[in-house]
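Peer 1: Have a look at this prediction, sequence included:
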Amino acid sequence: MSSYKIHYFAAPARAEVARLCLSIGGIAYEDINYTQATFPEAKPRMPFGQVPVLELPDGRMLAQSGAIDRYVAKLAGLYPADPLDAAYADQLVFQLADFMELFTPTWALPMEERIKARQEILAGKGKEKLQQLEKLVEAQSGGYVAGVKLSFADLALFVGLSNMSGGLYDGVPKNLLDEYPALKAFRNKIANEPAVKAHYEKHGDVLRASFKPDA
């Protein structure tokens with residue numbers, strides 16, 4: 001039986017949490033990376049004509065990053081078994097998604113307008129969302145966002161913060177997290193998790209330079 005396959009682009013965006021979960025769980029997978037030029041040929045195979053998609057070993061396809069992340073997190077032992085811890089994990093992930101979605105419309109703008117729009121977001125609604133995430137991280141007594149064990153929610157926040165401050169988003173300063181010390185410390189804590197650190201020592205390309213400790 002073949003391994004799992006993640007269908008996505010090379011960027012550490014919507015498929016990165018699933019990649020990390022599978023890697024940490026020791027579950028073999030293959031990265032199928034597309035470009036804007038090659039994706040149209042594969043698009044009809046995808047359930048909703050978009051990626052990421054997780055192809056199961058039997059050939060079935062699972063779409064939507066939220067569903068993929070929770071599925072592979074459960075396979076890897078990274079989805080909390082306690083119902084309340086699971087709810088707190090999901091709470092964090094949904095709040096993070098609300099923050100990241102603020103930037104979605106900006107991708108369609110010309111560069112100058114894109115940069116201006118993102119700066120306005122970070123001074124307004126984005127700032128509010130980051131402050132709320134900062135409080136969530138500060139309020140957790142177990143060291144992680146959902147209990148005392150690493151979960152997919154910790155990985156999601158780590159990926160989101162690393163992407164946001166790593167140069168992927170034009171107009172977002174690389175020192176963004178200096179204003180949010182709890183988030184900055186948390187991102188570094190997860191980057192230093194042995195399994196996370198090992199993953200990026202192996203997959204630390206230029207797109208993922210901001211995913212390493214002290215980045």
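Peer 2: Arrived safely, thanks for sending. Numbers count the residues shown, from 1 in each chain.

Peer 1: When you work out contacts or count neighbours from here on, use the C-alpha atoms and nothing else.
Peer 2: Will do.

Peer 1: tell me what the longest helix seen in the chain is packed against?
Peer 2: The residue-count maximum for a helix in the chain (DSSP state H) belongs to helix 83-101. Contacts defined by 3 or more C-alpha pairs under 8 Å, 6 or more residues apart in numbering; DSSP states H and E place helix 83-101 against helix 125-139, helix 152-164.

Peer 1: Can you list the buried residues in the first one?
Peer 2: Of the residues in helix 125-139, those scored as buried under the neighbour-count criterion (16 or more other C-alpha atoms under 10 Å) are G126, K127, K129, L130, Q131, Q132, L133, E134, L136, V137, E138.

Peer 1: can you redo those residues as a markdown table with distance to I24 and pLDDT?
Peer 2: Shown next, in a markdown table, are those (distance: C-alpha to C-alpha, whole Å; pLDDT from 0 to 100):
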| residue | distance to I24 | pLDDT |
| --- | --- | --- |
| G126 | 30 | 97 |
| K127 | 32 | 97 |
| K129 | 29 | 97 |
| L130 | 27 | 97 |
| Q131 | 29 | 97 |
| Q132 | 28 | 97 |
| L133 | 24 | 97 |
| E134 | 25 | 96 |
| L136 | 24 | 94 |
| V137 | 22 | 94 |
| E138 | 25 | 92 |
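
Peer 1: what's near enough to touch E55?
Peer 2: Listed by C-alpha atoms under 8 Å, 6 or more residues apart in numbering, the contact set of E55 reads Y4, K5, I6, H7, M61, L62.

Peer 1: The fourth one: what secondary structure?
Peer 2: Right, the one you point to is H7. Put simply, H7 is strand when judged by DSSP: H, G, I helix; E, B strand; the rest coil.

Peer 1: Surely it and D31 touch.
Peer 2: Yes. Counting by C-alpha atoms under 8 Å, H7 does reach D31; the two are 6.5 Å apart.

Peer 1: which residues touch whichever helix or strand comes after the longest helix of the chain?
Peer 2: Per DSSP states H and E, the first helix or strand lying C-terminal to helix 83-101 is helix 111-123. Here helix 111-123 makes contact (C-alpha under 8 Å, 6+ apart) with L102, F103, T106, W107, A108, K127, D170, G171, V172.
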